[in-house]
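J.: I would like to see how this sequence folds:
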Amino acid sequence: MQDLHYDNNDLGLTYWGNACRFKVWAPTASQVEVVLYEEAGEYDQYGMVHNHEGGLTFLMNPGKKGTWSLELEGNYSGKYYMYRVAFSDGTVNYAVDPYAKAVAAGGARTAIIDMKKTNPEDWEDDVSPPQIRPTDAIIYELHVRDFSINGDNLFQQKGLYRAFTEEGLTDQDGNLVGIDHLVELGITHVHLMPVFDFKTVNELTVHDPSVEDGKYNWGYDPQNFNVPEGSYSSDPTNPAARIIEFKQMVQALHRKGIRVIMDVVYNHTFGVDDGPFEGIVPGYFYRTNSEGYLTNGSGVGNELATERPMVRKYIKDSVRYWAEEYHIDGFRFDLMGLIDIRTMTEITNMLQQEIDRTILVYGEPWTGGDSPLWDKTLKGAQKGKGFAVFNDNYRSAVKGDNDGYASGFATGWWGVEGAVLKGVQGAIHDFTYHPSETINYVTAHDNLNLWDKIVTSQGMRHALSFPEWHNGSPSGGYSAQDAVISADPYRFVEPDNMLSNDTVRRSLLANGIMITSQGIPFLHAGDEILRSKYGDHNSYRSGDAVNALRWSNKARFRPVFDYYCGLLRLRKAHVAFKMAQREQVERHLKVLSCGHGVLAYLLEGTEVKDSWNRILIIYNGKEQESKVDLPQDSAWNVVVNDHAAGVEVLDHVQGSVTVPRLSMMVLYDKESGVEPQILTSMDIRSPKKAIQRAEEMKLEVVFKDQHNKMIEGLQPQWISSDPERIIVRQTGKIIGAALGEGTITAVCGKVQASIRMIVDHLVPARIEITGEPMMYATQNYPLQTTVRDQYNQVLPGQTVQLAATTPRIVSIDHTGKLLAIRPGKGVITAQCGSLTAEWNVQIHPFFIRTVEIEYERPDHHYDGWNVWVWGTGMHDGKIPFHPTSDGSVVAQVKVAPGMKRIGYIIRLNEWERREGDRDLFIELPSTPGNERIKVKVKSGTREVVVAVGGRLMKLHGLSSA
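T.: Residues are numbered from 1 along each chain as shown. All right, here's what the predicted structure looks like:
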């Protein structure tokens, strides 16, 4: 299918009111028809439609690059349609449009609606709240239904998108709830768990009080990627309702100063045969192994082949659609390790260069199982690429394992201070280049939430009557509701002295460390009111009894909530906690103490234009108080201690300070006397100098003071010198209206800046080819082509034909990847219209290296211990140990050629414990002759010996591998 890649942006339904066009990419089909229906179909008891016979059928016309299209005159709004796709073997499939923007209940059929009529009042004036740098973000992960479904009768729109539009809600004690609670807390971004159409909730019965089952799921089972989930709308049977109400939710959050992030699941689909792709292009959208079977890197039976051009295009089109149509401000990618690095890079560049520079992109840098994907987006792959990844090293160092009894710094284990420090520094000495590339978190929706993890580490589950859970059900035959009623998660918390409770203190310390660390902080909803899920570590289908936010906890644990508010107020007020550049952290974060259960460090505030001169942060993970010596040249003002947090002075100390057990302290010496910033100049940043007619692009302004330092929080007025050629919105968006040139001016007070923009026919002028510098016979490799226009700008949407002029050495397979056949010199040619380019590659002999990891424990107890590896290019994941004759165990890890570095962790069972406090890495020689590498790890000694071919290479500690 190399020559069937369609690059235009008109797939799906285009609706004009008096006519509409249908277009689908189905290159292997022999015939495609549009079938129109008056109704959504006949549903079964599970909310599914299986019979799509009948309807009015229209034959589609074959077009270029495997597309089929049809234009119909007339207004078809309110109708439904399916594609009827026939193949040469006689197979006929009915399929929902994969580019569907609206669907019937349950995603049963594609709906035809006028999208312009789904915009709420003043939607065109909806503007994202200002943000300067990624580290300004404070992310709050939230499930739409959890937010408002609780039975306290506080919300009119329980469990719905529109619950976010309800203002002024309070509990009986006057505590703010709902959206005003989020504002009071101080978060900047709401991260919504999956909100595009998913499969496992019956949308027809979700609002029926007589039905109990099929109402809840986290939503990581996508069905229609470009449609909001219907179970969160007031009427799932009305295709427009979910769209209107979703936009109302976004608009309400924006008006409250909160940005919106979508949790997106582009790594798999709920089903394959009945999913959005297989019925239209069988065998293309999903990864398979060498035998043709679906691979399962997601853990749910399939994974999308993001490295294939039309899959990559689909994901990019979908993300762009959500950003532009729904004004989404960020995207969190589920199992991002299953998405190739090229796709992630292109998505990030597209969003930040073509739509909004401040859009956040981040995700999980791991997979859910073994995947054949060669260029996974793992930790470290994001360096310098504009997106961030979750920092599980930091997470484990702070809290311990996810679901077991193992502890971290805040839960009772000393010896991990170094790993915590690496997270505090924004992971710049671990896997990031800048602090903005790490998402710092302690808990998220997966695994035990913070309260339940801490009580598990404390061995208190039985005392609190927590049951054992499996797939949403407690053991012993109880219902989830009965288990919740029987449990008492706060049994030992004294209302009049709650901040002295060990579990409370550990929870505040854990997230307090995270909130004051460099990087992007991430909170799970309800941590601020001690949310419990009653010991359920995987509540994806456990229902409202387990998952709903209990707003009564806010009044019950008000001192805890106030402490969180103070910590967020501190972070937002002081730029020293939000350094954006690696160099700032290296120069202005000074470690004073790191060990024996205490971590203390100094931030030089004046150097980063903070209003405080120096800020001292101390974490005490011990169960005893700790005395810490202070820099002697100043008195210090305490703003955070074990009972209060914020920016107001609580106490004055000098010489030394005693930090109570299981707590943190923040102090500053004096106001810095930073000179007030005066706006002196402005720079307009444009991703491009030339755009096409009808093309849209976002301009950004950087405001600078009298010392050429950036000023935050200003908004310009935008003016176009020629609105008939270039239109400019007050959001900074420009639109090419007619060919020619014009000047765009930004004005703020008496200062202004201008930029000259061109509207032109952009045409291909040059082809760039990039690929791996070293390739090995029998292996597949990605090859990337970039077409540039006459202004040397990247020109998207161009079809590039690739061919191998040395087919005995190298070839291009149907996915667009290079297959290195045998050693020798290969030549690849690229053609785009009349343009050509050539790329030379040297193919080396294939060789497999073996890394032998030997593990020795003083107690010789090895039951359950194994190695978790990644970056091998062959088999990532769990590798078993085998006994040796000298009382140790050894694991054999096979590594493909070209892999320069593999990571490994020695762990007990499924992460009950791990050896050392961070990930370990082995740098591998890239040339033949060093096929056997030996690694020896001695438990408890922090000693790792690495040898290549019998020669000692390095000796290092586990914490610094």
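J.: and the strand or helix carrying residue 262, which strands flank it?
T.: Under the criterion of DSSP states H and E, residue 262 resides in strand 259-264. Strands flanking strand 259-264 in the sheet, each with its direction: strand 189-192 (parallel), strand 330-333 (parallel) (DSSP bridges).
J.: quick one: average pLDDT of stretch 71-89?
T.: Averaged across stretch 71-89, the pLDDT comes to 98.
J.: chain center to the helix or strand hosting residue 503: distance?
T.: Assigned by DSSP H and E, residue 503 belongs to helix 502-515. Relative to its chain's centre, helix 502-515 lies at 24 Å (C-alpha atoms, centre = their mean, to the nearest Å).
J.: how about residue 777, nearest residue that isn't a chain neighbour?
T.: residue 846 (4.5 Å; C-beta to C-beta, 6 or more residues apart in numbering). No exception for glycine: its C-beta is placed from N, CA and C like everyone else's.
J.: returning to what we had before: residue 484: which of the strands paired with strand 259-264 is closest?
T.: strand 189-192 (24.4 Å; C-beta to C-beta).
J.: contacts for the closest one next, please.
T.: 137-144, 182, 253, 258-263, 329-330, 332, 360, 522 (C-beta atoms under 8 Å, 6 or more residues apart in numbering).
J.: pLDDT (mean, whole number) over it?
T.: 99.
J.: continuing past that strand, what's the next helix or strand?
T.: Strand 189-192 is succeeded, C-terminally, by strand 196-198 (DSSP H and E).
J.: can you give me how far that following strand is from the chain middle?
T.: For strand 196-198, the distance to the chain centre is 17 Å (C-alpha atoms, centre = their mean).
J.: paired strands for it, with orientation please.
T.: Checking strand 196-198 against DSSP bridges gives partners strand 222-228 (antiparallel).
J.: send the alpha carbons of the strand it pairs with over as PDB?
T.: Once non-C-alpha atoms are left out, strand 222-228 reads as follows in PDB (Å, rounded to 0.1, in the frame of the first residue of the first chain):
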ATOM      1  CA  PRO A 222     -12.300   3.100  22.400                       C
ATOM      2  CA  GLN A 223     -14.800   2.600  19.600                       C
ATOM      3  CA  ASN A 224     -15.300   6.000  17.700                       C
ATOM      4  CA  PHE A 225     -12.300   8.100  18.200                       C
ATOM      5  CA  ASN A 226     -13.700  11.500  17.000                       C
ATOM      6  CA  VAL A 227     -17.000  11.400  19.000                       C
ATOM      7  CA  PRO A 228     -17.600  12.300  22.600                       C
END
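J.: of all the residues in that strand, which ones are buried?
T.: Buried positions in strand 222-228, judged by neighbour count with 16 or more other C-beta atoms under 10 Å: 222, 223, 224, 225, 226, 227, 228.
J.: wait, the third one touches residue 109, no?
T.: I take that to be residue 224. No: applying C-beta atoms under 8 Å as the test, residue 224 and residue 109 come out as separate, 10.6 Å apart.
J.: any idea where the helices of this structure begin and end?
T.: 144-148, 179-185, 239-255, 309-325, 341-349, 392-399, 417-424, 450-457, 480-486, 502-515, 544-547, 552-556, 558-573, 582-588 (DSSP state H).
J.: the fifth one packs against which elements?
T.: Where contact means 3 or more C-beta pairs under 8 Å, 6 or more residues apart in numbering; DSSP states H and E, helix 341-349 is packed against helix 309-325, strand 360-363.
J.: dump these to CSV, plus mean neighbour count, distance to residue 62 and mean pLDDT.
T.: Shown next, in CSV, are the helices and strands packed on helix 341-349 (neighbours: other C-beta atoms under 10 Å; distance: least, C-beta to C-beta, whole Å; pLDDT from 0 to 100):
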stretch, mean neighbour count, distance to residue 62, mean pLDDT
helix 309-325, 20, 17, 97
strand 360-363, 26, 37, 98
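J.: report the contact partners of residue 543.
T.: 215, 216, 472, 480, 481.
J.: from those residues, which would you call buried?
T.: Buried among those (16+ other C-beta under 10 Å): 215, 216, 472, 480.
J.: and of the helices of the chain, who's closest to residue 641?
T.: Closest among these, once you apply C-beta to C-beta, is helix 558-573, at 10.1 Å.
J.: just the buried residues of the contacts of strand 189-192.
T.: Buried among these by 16+ other C-beta under 10 Å: 137-144, 182, 253, 258-263, 329-330, 332, 360, 522.
J.: one step back: okay, and the common contacts of residue 224 and residue 109?
T.: Common neighbours of residue 224 and residue 109 (C-beta under 8 Å, 6+ apart) are 96, 103.
J.: stretch 285-302 - what's its average pLDDT?
T.: pLDDT averaged over stretch 285-302 gives 95.
J.: over to stretch 617-624?
T.: Mean predicted lDDT for stretch 617-624 stands at 98.
J.: end to end, how far does that stretch reach?
T.: 18 Å (C-alpha to C-alpha, to the nearest Å).
J.: now it: buried residues?
T.: Result for stretch 617-624 [16+ other C-beta under 10 Å]: buried residues 617, 618, 619, 620, 621, 622.
J.: just list whatever residues bridge to the second one.
T.: Same thing as residue 618. residue 600, residue 665.
J.: which residues touch residue 95?
T.: Contacts of residue 95 by C-beta under 8 Å, 6+ apart are 82, 83, 85, 276, 279, 280.
J.: I'd like to know which of those are buried.
T.: Buried among those by 16+ other C-beta under 10 Å: 82, 83, 85, 276, 279, 280.
J.: ok, of those, which one's closest to residue 379?
T.: residue 276 (30.1 Å).
J.: related to what we said a few turns ago, now, among the buried ones among the contacts of residue 543, which is nearest to residue 902?
T.: residue 472 (36.5 Å).
J.: surely that closest one meets residue 480?
T.: Yes: in this structure, residue 472 is within contact of residue 480 by C-beta under 8 Å, at 6.8 Å.
J.: what do these two both touch?
T.: 542, 543, 546.
J.: can you put those in a markdown table and add distance to residue 443 and pLDDT?
T.: Output for the shared contacts of residue 472 and residue 480, formatted as a markdown table (distance: C-beta to C-beta, whole Å; pLDDT from 0 to 100):
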| residue | distance to residue 443 | pLDDT |
| --- | --- | --- |
| 542 | 16 | 94 |
| 543 | 20 | 93 |
| 546 | 15 | 97 |
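J.: of all the residues you listed, which comes closest to residue 203?
T.: residue 543 (16.4 Å).
J.: how close does that closest one get to residue 736?
T.: Separation of residue 543 from residue 736 (C-beta to C-beta, to the nearest Å): 51 Å.
J.: thinking again about what came up before, closest one to residue 648 among the strands paired with strand 259-264?
T.: strand 189-192 (25.8 Å).
J.: tell me the gap between the closest one and the middle of its chain.
T.: With C-alpha atoms, centre = their mean, you get 11 Å for strand 189-192.
J.: start to end distance for stretch 102-118?
T.: First residue to last in stretch 102-118 (C-alpha to C-alpha) measures 11 Å.
J.: shaky segments in the protein?
T.: 1-3, 674, 813-816, 917-918, 926-931, 941-961 (pLDDT under 70).
J.: ok, the nearest residue to residue 318 once chain neighbours are set aside - contacts?
T.: Spatially, and ignoring its direct neighbours in sequence, residue 318 is nearest to residue 225 (4.9 Å; C-beta to C-beta, 6+ apart). Shown in contact with residue 225 (C-beta under 8 Å, 6+ apart): 98, 196, 197, 266, 276, 314, 318.
J.: looking at those, which two lie furthest apart in space?
T.: Maximum distance among the contacts of residue 225 (C-beta to C-beta): 15.1 Å, for 197 and 314.
J.: with adjacent residues omitted, what lies nearest to residue 254?
T.: Closest to residue 254 by C-beta to C-beta, 6+ apart is residue 126, at 5.6 Å.
J.: and residue 407, how many neighbours?
T.: By other C-beta atoms under 10 Å, the residues close to residue 407 number 22.
J.: now do the contacts for residue 399.
T.: Here residue 399 is in contact with 407, 408, 410, 411, 442, 443, 450, 453, 454, 457, 510 (criterion: C-beta under 8 Å, 6+ apart).
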